[in-house]
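>>> model this:
(one chain, ligands or ions: 1)
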Amino acid sequence: MEQKDINAIVALAKRRGFIFPSSEIYGGISNAFDYGPLGVEMKNNIKNEWWKMFVRKRQNIVGLDASIIMNPKVWEASGHVAEFSDPLVEDVKTHKRYRLDHLLEEHDIDITGMGIDEMSAVIEERGIKSPDGNALTNARHFNLLFQTHIGTTEETMSTVYLRPETAQAMFVDFKNIVSSSRVSLPFGVAQIGKAFRNEITPRNFIFRTREFEQMEIEYFVRASEWEEHFEEWLQEMDAWIQRLGLKKTRIHRAEIPEGERAHYSQRTVDIEYDFPFGRKELYGLAYRGDYDLQQHASHSNETLVIVDAQTNEKVVPHTIEPTFGVERTLLAVLVDGYTEEVLENDTRIVLKIAPWLSPYTVAVFPLVANDSQMRQKATTLWGSLSGSYSAFYDQSGAIGKRYRRQDEIGTPLCVTIDGDSLQDDTATLRDRDSMEQVRVQCSDISRCIHDVLQGLSFADIQSRYSV
Ligand code: GAP
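Sure, this is the predicted structure:
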């Protein structure tokens, strides 16, 4: 099917409890979102799987959970206070602010390789106005760091920043990690956590927000080996995308030219996804050289080195940084899975997502709600499954409607307990994507769920467990 308009995804996300506008009863607040009962399950599935793949299953990557508010000198050393900005123009009448590069892109102008001066010149030459039809001010750099203050009195207050990336703590804690953990080159430090940016024009639902979560790795390597590790990480990122099950045709790599890369990067490849609002950055891979460790070493007067076991020399390693946004992952998964199927009498909305991503792996129903024996058996089954899987129990409404509700939220399997179940201890297992059903022993249901999570098709489940 065609990619759906983003509005269909926004509506489903709100209707079914994935994503709500923040503080809605007070009129909301621009560009802030809350992750509801299903959204939080999916975000946790994404973060847990990422941690399992990149930390637990690797011998040479260790984890970190650092403070969001760090010593402000960190951001001076990292270059964010001086360099972390976007080009801003303002409507002279309304004083609304716009991101210059986005404004030009909306006029179908290719800004590849252009700096702020070249972009400003294009505004002049073409006489481009604000979306409200007014003249625009000259462009200026707008720093994206979120400032706040700590301290109890005016005199003792000091300005601090909410971190704009999780990355810096992994450089700042380098010395403690090297001395406390048995790491040797090449090795990585991974972190999942919130980041904050005062984006000029946040937009496109949860794609660009001021508060978001990152999953990042700083991978420390010998300087001479950076290119091979860069290639290796491109493959690793592909493997993650494959695990997510995103359609390959919607994924693209973009080599970012010099001049458009972040101030710390010597090479960047963006992994882009075809969102309904265009092809946009999903993830990024950057070669940060030894920029960050050198900056922190000179600003802190500490020695940030590791002994290279091959040469016995103290070296400042170079860094390869794969970075993944949690919300962009969630959005890509929702967009990719959202399907409207035209059936004989109606249209079915179904979220065709990888089973491990689904908020609930299984839903358990008694066929008839007011049959106490069915209810009892279904509740007991739900209890036995919920220790191992994310399981949902529902007894209200027609069985067809209950199936459809689960289709819409991506539950891969539904189990229905009926009159026969009370006699022979079997149940109906239904597949979300094909809507096919198979009769299985209740004692086999946990194994069926396990096999589906391992990637077995419903046809395999049928031939293995059908009674
Ligand atoms: N440490 C490197 C770094 O922060 P980035 O490209 O600025 O690089 C990394 O951000 C990832 O964080 C992006 O690829 C994207 O997935 C996510 N991201 C960045 N800004 C975001 C925003 N305003 N809202 C949601 N996600 C964002």
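
>>> and the closest residue in space to residue 88 that isn't next to it in sequence, what pLDDT?
Counting by CB to CB, 6 or more residues apart in numbering, residue 88 lies nearest to residue 142, which is 3.8 Å off, once chain neighbours are set aside. All C-beta atoms are positioned from the backbone trio N, CA, C, and that covers glycine. Note for residue 142: predicted pLDDT of 94.

>>> Would you mind naming the residues that bridge with residue 142?
residue 86 (DSSP bridges).

>>> list the contacts for it?
By CB atoms under 8 Å, 6 or more residues apart in numbering, the contact set of residue 142 is 85-88, 97, 198, 200.

>>> Check residue 403 too.
414, 430, 435.

>>> Determine the three-state secondary structure at it.
State at residue 403, reduced to three classes by DSSP: H, G, I helix; E, B strand; the rest coil: helix.

>>> now it: how far from the ligand?
Distance of residue 403 to the ligand, given as CB to the nearest ligand atom, to the nearest Å: 34 Å.

>>> next one: residue 24
20 Å.

>>> Over to residue 193?
12 Å.

>>> again with residue 162
Residue 162 is 13 Å from the ligand, by CB to the nearest ligand atom.

>>> got the contact list for that residue?
68-69, 145-146, 148, 195-196.

>>> mind pulling up the phi and psi values for it?
Per-residue torsions, residue 162: phi -80, psi 130 (degrees, to the nearest 10).

>>> Which strand residues bridge it?
residue 69, residue 146.

>>> Quick check: it vs residue 47, distance?
20 Å (CB to CB, to the nearest Å).

>>> One more: residue 192?
Residue 192 is 5 Å from residue 47, by CB to CB.

>>> anything in contact with each of those two?
213, 215, 326.

>>> residues touching residue 453, list them.
355-356, 361.

>>> cool, residue 75 as well?
81, 145, 161, 164, 168.

>>> how many neighbours does residue 246 have?
Look at residue 246: counted by other CB atoms under 10 Å, it has 22 neighbours.

>>> quick check, it in a strand?
No. Per three-state DSSP, residue 246 lies outside any strand segment and is coil.

>>> which residue sits closest to it in space, ignoring its chain neighbours?
In space, residue 246 is closest to residue 336, 5.0 Å off (CB to CB, 6+ apart).

>>> What residues sit buried inside the helix or strand containing that neighbour?
Element membership for residue 336, per DSSP states H and E: helix 326-337. Within helix 326-337, the residues scored as buried using 16 or more other CB atoms under 10 Å are 326-337.

>>> so what pLDDT did residue 13 get?
Listed pLDDT for residue 13 reads 97.

>>> The residue of the stretch 251-400 of the chain found nearest the ligand - how many residues pack around it?
Using CB to the nearest ligand atom, the single residue of the stretch 251-400 of the chain nearest to the ligand is residue 325, 2.3 Å away. Residue 325 is flanked by 23 other residues according to other CB under 10 Å.

>>> that older thread, out of residue 192 and residue 47, name the residue with the larger neighbour count.
residue 192 (21 against 17).

>>> you'd agree that one is up against residue 51?
Yes. With contact defined as CB atoms under 8 Å, residue 192 counts as touching residue 51 (6.7 Å).

>>> anything in contact with each of these two?
residue 215.

>>> Residues of this structure that sit close to the ligand?
165, 167, 197, 199, 208-209, 212, 214, 216, 281, 283-284, 321, 323, 325, 327-328 (CB under 6 Å from any ligand atom).

>>> neighbours around the closest residue to residue 361 other than its chain neighbours, how many?
Spatial nearest neighbour of residue 361, excluding adjacent residues (CB to CB, 6+ apart): residue 389 at 4.5 Å. A count of nearby residues for residue 389, using other CB under 10 Å, gives 16.

>>> so what's residue 389 up against?
So residue 389 contacts 361-362, 446, 449 (CB under 8 Å, 6+ apart).

>>> One more: residue 20?
Residue 20 touches 14, 33-34, 36, counting by CB under 8 Å, 6+ apart.

>>> Now find how far off-centre the strand or helix carrying it is within its chain.
If you go by DSSP H and E, residue 20 is part of strand 19-21. A distance of 16 Å separates the centroid of the chain from that of strand 19-21, by CA atoms, centre = their mean, to the nearest Å.

>>> With stretch 276-288 instead?
Distance, centroid of stretch 276-288 to centroid of chain: 12 Å (CA atoms, centre = their mean).

>>> Not counting its own residues, what contacts that stretch?
In contact with stretch 276-288 (CB under 8 Å, 6+ apart) are residues 3-6, 9, 204, 207, 218, 226, 230, 233-234, 237, 251-252, 254, 261-262, 264-273, 318-325, 328-329, 332, 335.

>>> what are the ranges of the helices in the stretch 301-450 of the chain?
326-337, 372-386, 399-409, 419-424, 445-453 (DSSP state H, counting those that start in this stretch).

>>> picking up where we left off before, out of the contacts of residue 162, who's the most crowded?
Neighbour max across the contacts of residue 162 (other CB under 10 Å) = residue 195, 21 neighbours.

>>> hang on, that residue is in a helix, isn't it?
No. Per three-state DSSP, residue 195 lies outside any helix segment and is strand.

>>> what bridges to it?
residue 212.

>>> Same question for residue 35.
Assigned bridge partners for residue 35, using DSSP bridges, are residue 19.

>>> which residues does it contact?
Residue 35 sits next to 18-19, 43 when contact means CB under 8 Å, 6+ apart.

>>> possible to save those residues as CSV with pLDDT, neighbour count and distance to residue 295?
Shown next, in CSV, are those (pLDDT from 0 to 100; neighbours: other CB atoms under 10 Å; distance: CB to CB, whole Å):
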residue, pLDDT, neighbour count, distance to residue 295
18, 98, 27, 40
19, 98, 26, 37
43, 98, 19, 32
